[in-house]
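**Q** below is the structure, and that's it, no one-letter string:
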């Protein structure tokens, strides 16, 4: 709240970036150059950029493998909304799959999951990002992650 009791005004996104990927794991190599472009606006430090890289890579990987089931006809769209007030980024990863229930994803910290070779993506996204939301609609499934940018 401002000193006069009014909510602080929020501005819209300063910049919006989009990337469309085919449902192939080889497309993961396009994420870092894309996020480097986004970071020219965000000015993340090394730690924040690493968080963005890991979380986005995990979300896209899940979208390709689990959402689109590696179907080459299906796409994954990554959209980054860079905001100035407060400094933050919202990353949307949308696939064309049927979706899933986030509550039914087992924790990788469960005793029987500790040595599993997969299943840590959502856990990592939750640890690295400030918020992680998931929604399903008739067009597919979308994960939206936000990170506050500390300067």
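**A** Now that the structure is in, tell me what you want to look at. Fair warning: this is a prediction, and the values are worked out from it, not measured in the lab.

**Q** where does the protein dip in pLDDT?
**A** Scanning the chain for pLDDT under 70 picks out the ranges 1-13, 100-120, 151.

**Q** can you give me the helices in it?
**A** Under the criterion DSSP state H, helices of the chain are mapped to 31-42, 46-62, 121-128.

**Q** pretty sure residue 148 is touching residue 87, no?
**A** Yes - look at residue 148 against residue 87 with Cβ atoms under 8 Å: they come within range, at 6.9 Å. (Each C-beta comes from the backbone N, C-alpha and C, glycine too.)

**Q** looking at the two, which has the bigger crowd around it?
**A** Neighbour tally, residue 148 and residue 87, criterion other Cβ atoms under 10 Å: the higher count belongs to residue 87, 16 against 13.

**Q** and that one, what is it in contact with?
**A** Each residue near residue 87 by Cβ atoms under 8 Å, 6 or more residues apart in numbering is listed here: 42, 148-151.

**Q** for residue 56, same thing?
**A** Taking Cβ under 8 Å, 6+ apart as the criterion, residue 56 is in contact with 31, 35, 78, 91, 93, 145.

**Q** closest one of those to residue 47?
**A** Of all those, residue 47 sits closest to residue 35, with 13.9 Å by Cβ to Cβ.

**Q** so who does that closest one touch?
**A** Remark: with contacts taken as Cβ under 8 Å, 6+ apart, residue 35 is in contact with 49, 52-53, 56, 80.

**Q** out of the residues you listed, who has the most neighbours?
**A** Counting neighbours by other Cβ under 10 Å, residue 56 comes out on top of the contacts of residue 35 with 27 neighbours.
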